[in-house]
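Engineer: prediction below, plus the sequence it came from.
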Amino acid sequence: KQLFFDPILSSENTISCASCHLPSAAFSDPGKALSEGVFGRVGKRNSPAMFNLIWHPSFMWDGGINHLEVMSIAPLTDFHEMDMDWQTIFSRLNNSEKYKREFKKVFNDHQIDDQKVLYVLTQFMASLISSNAKYDQWSRGEIAFSAEEEQGRKLFMNHCNNCHQAPLFSSCEFKNNGIDSIFQDEGRALITLNETDLGKFKIPSLRNVELTYPYMHDGRFNTL
């Protein structure tokens with residue numbers, strides 16, 4: 001958690017992971033179609049919310065990362081985000097008495113390396129759990145939906161549930177939802193190099209969706 005909120009991990013020492021993943025907005029970047037990294041550089045895709053990640057088989061809009069333990073490498077090293085290299089990270093953290101002390105507590109070794117940094121960030125991200133929404137309380141039989149909510153649930157189950165399945169409210173698959181015919185962003189095809197994956201993006205979870213506007217991989221829709 002300390003590292004996640006510390007700008008020490010960015011080249012300019014100005015932004016942290018939490019700069020684009022705000023706790024108050026389900027760890028998304030509310031109101032911004034594209035987030036701003038170091039030196040005012042603007043990213044290429046909307047910052048996704050972060051919760052229940054421990055159950056996801058892949059990460060990023062294109063699924064280019066296949067394990068939570070290495071997911072942090074992408075934002076840390078991306079030119080448009082934190083633009084860091086590992087040697088600089090090692091130097092800064094190993095020169096910090098605070099972090100040497102904290103890593104010593106956890107690993108019984110004050111020397112900080114990439115594996116330890118990735119491990120602790122993973123443990124924090126894995127702790128971000130969303131499991132007590134009104135839907136969860138309803139599914140446990142603790143509350144009832146209003147007539148309007150129940151009508152919405154039935155519509156959702158008939159038309160949206162194939163892609164947004166409970167309990168994650170995402171199947172974690174990659175789909176082209178049909179809103180584009182010309183692709184400014186090739187999406188999943190950038191990873192697979194398969195033309196059939198053009199315009200496909202990871203299906204986002206709908207949990208906390210009211211907080212995580214704007215929507216889609218490029219933040220094109222401002223409201224639900």
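Structural biologist: Yep, it's here.
Engineer: what's the distance between Glu81 and Gln115?
Structural biologist: When distance is defined by Cβ to Cβ, to the nearest Å, Glu81 is 21 Å away from Gln115. Backbone N, C-alpha and C define where each C-beta goes, glycine included.
Engineer: what ranges does the chain have for its helices?
Structural biologist: Residue ranges of the helices in the chain, as given by DSSP state H, are 68-71, 73-77, 86-94, 97-107, 114-126, 134-139, 147-159, 189-192.
Engineer: rewinding a little: look at Glu81 and Gln115 and report which has more neighbours.
Structural biologist: Between Glu81 and Gln115, counted using other Cβ atoms under 10 Å, Glu81 has the larger neighbour count: 24 against 10.
Engineer: for stretch 43-51, measure first residue to last.
Structural biologist: End-to-end distance for stretch 43-51: 21 Å, by Cα to Cα, to the nearest Å.
Engineer: could you do stretch 140-151 as well?
Structural biologist: For stretch 140-151, the first and last residues are 19 Å from each other (Cα to Cα).
Engineer: for stretch 163-179, same thing?
Structural biologist: The straight-line separation of the ends of stretch 163-179 (Cα to Cα) is 16 Å.
Engineer: in it, what's buried?
Structural biologist: Within stretch 163-179, the residues that count as buried by 16 or more other Cβ atoms under 10 Å are 163-164, 168-170, 172, 174, 176.
Engineer: could you export the residues you listed as a markdown table, including pLDDT and distance to Gly37?
Structural biologist: Formatted as a markdown table, the entries for these read as follows, by pLDDT from 0 to 100; distance: Cβ to Cβ, whole Å:
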| residue | pLDDT | distance to Gly37 |
| --- | --- | --- |
| Cys163 | 96 | 30 |
| His164 | 97 | 29 |
| Leu168 | 97 | 28 |
| Phe169 | 97 | 28 |
| Ser170 | 97 | 26 |
| Cys172 | 96 | 26 |
| Phe174 | 98 | 25 |
| Asn176 | 96 | 27 |
